[in-house]
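[1] sharing a model prediction with you, sequence too.
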Amino acid sequence: MNDYYEILGVSRQASAEEIKKAYRKLARTHHPDVAGPDAADRFKDISRAYEVLSNPEKRQLYDMGGESALGGQGAGGGFGGFGGFNDIFETFFGAAAGGTTRGPVPRARRGQDALVRLDVELVDTVFGATKELQVDTAVVCPTCQGTCCRPGTSPRTCEVCHGRGSVQRVTRSFLGQVMATTTCSACQGHGTVIPEPCQDCAGEGRVRTRQTLRVDVPSGVETGTRIRMTGQGEVGPGGGPAGDLYVEIREQPHPVFVRRGDDLHCTLPLPMTAAALGTVTVLETLDGEREIDIEPGTQPEQVYTLRALGVGHLQRSGRGDLHVHVDVQVPTRLDDRQRELLAELATLRGEERPEPRLAASGSGVFSRLREKLAGR
């Protein structure tokens, strides 16, 4: 008595998918057209085992009593109806049995998406802007309007497949004569042919050209941000719908301001006397001139923050801040009078010969350096 599980090389607990996978692997190896006529008996055993084990009812009967429990179903039941036959047909011919088709393939297809890069200035990312962008793309052929035909002509039904887009051929196998369905090579599956292609687009239904597009750049974008422009990509073959255009932003460096997230940073050079005495200075920001009240005794690296003068938040209201870093400048060239005045100031402050002292661990340059390193 044949052991169908052993023939397929699977366990008795194998799932339906495992049985199907094992059958297809064996069928490809032992088909008479591949392994020769001597493999016909082996192939019949494989097919019979799969017919039974792939059918839940027959498998249950077989598990209860082997081949004898199947009666005439195991040996004389053929391939158990249309389902088993389809599996065999798909294994060797890659199509459904019975010659069923999906119909002709439309000539018009969606175009490809495209990616271009756009250089923008910092001010554009702060407030948003509308920019013009030139792209090389495919558009509907103006001569044939996407029909692919010379004006005054039209597509003609394929004489080979009669508009079906596929043809059928008879193949002989161990099963007898089998009908296989393949794509029509005359019309490439479209069901129609172009007797007189448009000369301007060579029957493509589209031509390449350079277009100027207007891109709305929202505030808050940064390098790497992609803006999707639906339907602005390439028109598809046969005048098919256009794909999408993706515009990738590249933000150019600014000579004054540095961006960190949605905040801006800049450095304000300040004379030593102004830092000591305090003053009011005017800073040119991206929003125009703004006054900054410098407090007396301002220290190097002190930061003044101007609220809501940074970059606009992407897809939400509000803006970041502008942080002004003070750079106290010590004079390097003094005339005699200036040196005399500074010496007098040093005498008044008792700083003619300052004693070197290390700052406390919680303050000073090294403390600020540690804080910066820890914040990275």
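    Structure received.
[2] what residue ranges in the stretch 251-376 of the chain score low on pLDDT?
    With pLDDT under 70 as the threshold, the stretch 251-376 of the chain has low-confidence stretches at 354-376.
[3] residues in a beta bridge with Thr130, which ones?
    Asp216 (DSSP bridges).
[4] pretty sure it sits against Arg214.
    Yes - the pair Thr130 and Arg214 passes the contact test of CB atoms under 8 Å, sitting 5.8 Å apart. Where C-beta positions appear, they are placed from N, C-alpha and C, glycine not excepted.
[5] for Thr230, list the residues it contacts.
    Going by CB atoms under 8 Å, 6 or more residues apart in numbering, Thr230 touches Asp244.
[6] quick one: it and Ala242, what's the gap?
    In this structure, Thr230 and Ala242 are separated by 9 Å, where distance is defined by CB to CB, to the nearest Å.
[7] then Thr305?
    When distances are taken as CB to CB, Thr305 and Ala242 turn out to be 47 Å apart.
[8] looking at these two, which is more packed in?
    Under the criterion of other CB atoms under 10 Å, the comparison of Thr305 against Ala242 puts Ala242 first, with 24 against 11.
[9] specify the local secondary structure of the more buried one.
    Look at Ala242: counting by DSSP: H, G, I helix; E, B strand; the rest coil, its state is coil.
[10] check Val116 too.
    Put simply, Val116 is strand when judged by three-state DSSP.
[11] ok, it - contacts?
    When contacts are counted by CB under 8 Å, 6+ apart, Val116 touches Leu133, Val135, Leu245, Tyr246, Val247, Glu248.
[12] and Asp124, what helix or strand is that in?
    Asp124 belongs to helix 122-127 when elements are defined using DSSP states H and E.
[13] again, but for Gln60
    For Gln60, the element it lies in under DSSP H and E is helix 56-65.
[14] any idea how far that helix is from the chain center?
    If you compare the mean C-alpha spot of helix 56-65 with that of the full chain, they lie 50 Å apart, counting by CA atoms, centre = their mean, to the nearest Å.
[15] tell me what that helix is packed against?
    Under the contact definition 3 or more CB pairs under 8 Å, 6 or more residues apart in numbering; DSSP states H and E, helix 56-65 sits against helix 40-53, helix 73-76.
[16] which of the ones you listed sits most buried?
    Ranked by average neighbour count under the criterion mean count of other CB atoms under 10 Å, these are headed by helix 40-53 at a mean of 20.
[17] distance between that helix and the chain's centre?
    Helix 40-53 has its average C-alpha position 46 Å from the chain's average C-alpha position, going by CA atoms, centre = their mean.
[18] just the C-alphas of that helix, formatted as CSV.
    In CSV, the C-alpha atoms belonging to helix 40-53 read as follows (Å, rounded to 0.1, in the frame of the first residue of the first chain):
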residue,chain,number,x,y,z
ALA,A,40,5.7,8.8,-15.7
ASP,A,41,4.8,6.2,-13.0
ARG,A,42,6.5,8.2,-10.3
PHE,A,43,4.7,11.3,-11.5
LYS,A,44,1.3,9.6,-11.4
ASP,A,45,2.0,8.5,-7.8
ILE,A,46,2.9,12.1,-6.8
SER,A,47,-0.2,13.4,-8.5
ARG,A,48,-2.5,10.8,-6.9
ALA,A,49,-1.0,11.5,-3.4
TYR,A,50,-1.6,15.2,-3.8
GLU,A,51,-5.1,14.7,-5.1
VAL,A,52,-6.0,12.9,-1.9
LEU,A,53,-4.1,14.9,0.7
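[19] when you give positions from now on, start the count at 169
    In the new numbering, first residue 169, that becomes helix 208-221.
[20] quick one: mean pLDDT for it?
    With pLDDT averaged residue by residue, helix 208-221 scores 86.
[21] tell me what angle it forms with helix 224-233.
    Taking axes from the mean of the first three to the mean of the last three CA atoms, to 10 degrees, one finds helix 208-221 and helix 224-233 inclined to each other by 100 degrees.
[22] same for helix 208-221, what does it pack against?
    Against helix 208-221 (3+ CB pairs under 8 Å, 6+ apart) you get helix 172-176, helix 184-198, helix 200-203, helix 224-233, helix 241-244, helix 250-261.
[23] between helix 184-198 and it, find me the angle.
    Taking the same axes, to 10 degrees, one finds helix 208-221 and helix 184-198 inclined to each other by 170 degrees.
[24] give the rounded mean pLDDT of stretch 298-313.
    Along stretch 298-313, the predicted confidence averages to a pLDDT of 95.
[25] hmm, I was thinking of stretch 351-370
    On average, the pLDDT along stretch 351-370 is 93.
[26] what is the end-to-end distance of it?
    Stretch 351-370 has its terminal residues 23 Å apart, counting by CA to CA, to the nearest Å.
[27] how about that stretch, which residues are buried there?
    Thr351, Cys352, Cys355, Gly357, His358, Gly359, Thr360, Val361, Ile362, Pro365, Cys366, Cys369 (16 or more other CB atoms under 10 Å).
[28] could you redo those residues as a markdown table and give each row secondary structure and distance to Thr321?
    As requested, the buried residues of stretch 351-370 are exported to a markdown table (DSSP: H, G, I helix; E, B strand; the rest coil; distance: CB to CB, whole Å):
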| residue | secondary structure | distance to Thr321 |
| --- | --- | --- |
| Thr351 | strand | 25 |
| Cys352 | coil | 21 |
| Cys355 | coil | 16 |
| Gly357 | coil | 21 |
| His358 | coil | 16 |
| Gly359 | coil | 17 |
| Thr360 | strand | 12 |
| Val361 | strand | 11 |
| Ile362 | coil | 8 |
| Pro365 | strand | 9 |
| Cys366 | coil | 9 |
| Cys369 | coil | 14 |
